[in-house]
Every structure is written in structure tokens, then in C-alpha cells.
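Q: need coordinates for the following:
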Amino acid sequence: MGAAPTATKPEVPTSVDPNPVPRQAWKLRKIHAELTDRGYLRVLVSPASVRLKTTEHPLHAHPYGADAPPLHPELLEEFVGLAPSGSRSLDEAIRAFYTAVGIPSRPLHPIPSPRVPSRFSPRAENAVRVLASGSDLASTRGRTVGWRVTADAVRLHVGLQGEDLSHGEVAELQLALAAWLRLNPAPGGAAVLPAEGQRRTVGPADGR
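A: You can find the predicted model right below:
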């Protein structure tokens, strides 16, 4: 609103806080979220972690409440002068402060723990080999509803009225989908291929 910047007075602590820095970081995130929800979008001073040369005043006997001393305007002025002018996120500033004071922080891009492949049955391993060889897995022909699974895609066929799959057909579809997911893992994963098998097409009638 054109007014001079002012610092927020510290609040009276209710108890001894074993994690004061992370709690203040949480408070800053909360304030940022509340102001954003209220429509404040223009950042006047970018969040930053900077080293100040100004010596801070000694801690007063009554740092909180009505008897607290006035705030330290020199610290605020020096911070505003050193803060970067470009856009920067609050999380980046908090992470930089954690690094400066030696507090461990969560990695910016955490590496997911590797997944342990689930044990596949011989039939499922055989279905993976079929897809990997370039052949497909398909439902029984002659019906208006069915499915076909290749190494690249899963396609469903549904008639005008639709039909219910039998218990055996559902089991075969589940097997084919499990094989497809083994060959096409989620982004960042690695496909698990079985030993090279013969090139053929497997359907419910195969009984394997």
C-alpha cells in the first residue's frame, strides 16, 4: 500500500520448542498460503536467505509483550537491500537457510526407493515372454465383448449391449494386464523381462 516495510513482532512462546527453526518455517508457509488465498499475488521482497553484517541488539530482558524494546530497523533495511530482486519461492529460501545453519532438509527431488518386483507365477512369466516377443494376448473370439493386449497397448472390445465376462475370462484378462504392466512400468521404473520365449499368441483356450 506504499507504506514503509515493518518487521513482525515475535510472539510469546507457549513452551520450550525443541524444533524452533522448522516450526518458524511452517509458520512462514502458513502465512504465505493465507495471503495467497486472500488475493495477494505481487511479491515486494523476494524470500531469501542472506548473511547480514549488522550486529543484532542483545536480547532484552523482556523481548515480548508491551514492555518489549522497539524492533531493529537496521536489520530489516539491510535484508531488503541484500534480498534478490528476481522471483524466488519461499521453499527455496527456507532450504538455503537450512543449508546455511547446517540443518538437514528434504531433497528437492527425492529419489523413490526401488520397488521389489513381486513374484510372478510361471503362467504370468510366460505371458510376459509372449508380449515381449511381439505376439499378443487375446480373449476368446466369437463374442461382442473381448480384449486384446500387445506389448504397446491394451484394447477392449465392447458390443452394442455389452456382455459380462465369466470368472475365467476375468482371470485371463488380469493375467494379460499384469504382464503388460510388467513390460510397461510407471515413469521412472524399469521393465522386467523374462528369458526369451517362443513367439506365439496365448488366449483363454490355451489353458496354460
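
Q: what residues does the closest residue to Leu137 other than its chain neighbours make contact with?
A: Among residues not flanking Leu137 along the chain, Ala176 sits closest, at 4.1 Å (C-beta to C-beta, 6 or more residues apart in numbering). The C-beta positions use only the backbone N, C-alpha and C, and glycine is treated the same way. Contact partners of Ala176, counting by C-beta atoms under 8 Å, 6 or more residues apart in numbering, are 127, 137, 147, 149, 154.

Q: show me the shaky parts of this structure.
A: Across the chain, the ranges flagged by pLDDT under 70 are 1-14, 106-120, 142, 159-162, 186-208.

Q: all helices for it, in order.
A: 20-37, 73-82, 90-101, 122-132, 167-183 (DSSP state H).

Q: could you dump these into TSV with distance to Val45 added?
A: Below are these laid out as TSV (distance: least, C-beta to C-beta, whole Å):
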stretch	distance to Val45
helix 20-37	13
helix 73-82	6
helix 90-101	11
helix 122-132	57
helix 167-183	49
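
Q: so which of the contacts of Ala176 is the most crowded?
A: Ala127 (27 neighbours; other C-beta atoms under 10 Å).

Q: doesn't Ala178 make contact with that one?
A: Yes. Counting by C-beta atoms under 8 Å, Ala178 is a contact partner of Ala127 at 7.5 Å.

Q: may I see the buried residues of stretch 137-156?
A: Of the residues in stretch 137-156, 137-139, 146-151 count as buried by neighbour count, 16 or more other C-beta atoms under 10 Å.

Q: out of the residues you listed, which two sit at the greatest distance?
A: Gly146 and Ala151 (18.4 Å; C-beta to C-beta).

Q: mind listing what Ser166 touches?
A: Contacts of Ser166 by C-beta under 8 Å, 6+ apart: none found.

Q: what's the first-to-last distance across stretch 60-77?
A: Length of stretch 60-77, first residue to last, C-alpha to C-alpha, to the nearest Å: 21 Å.
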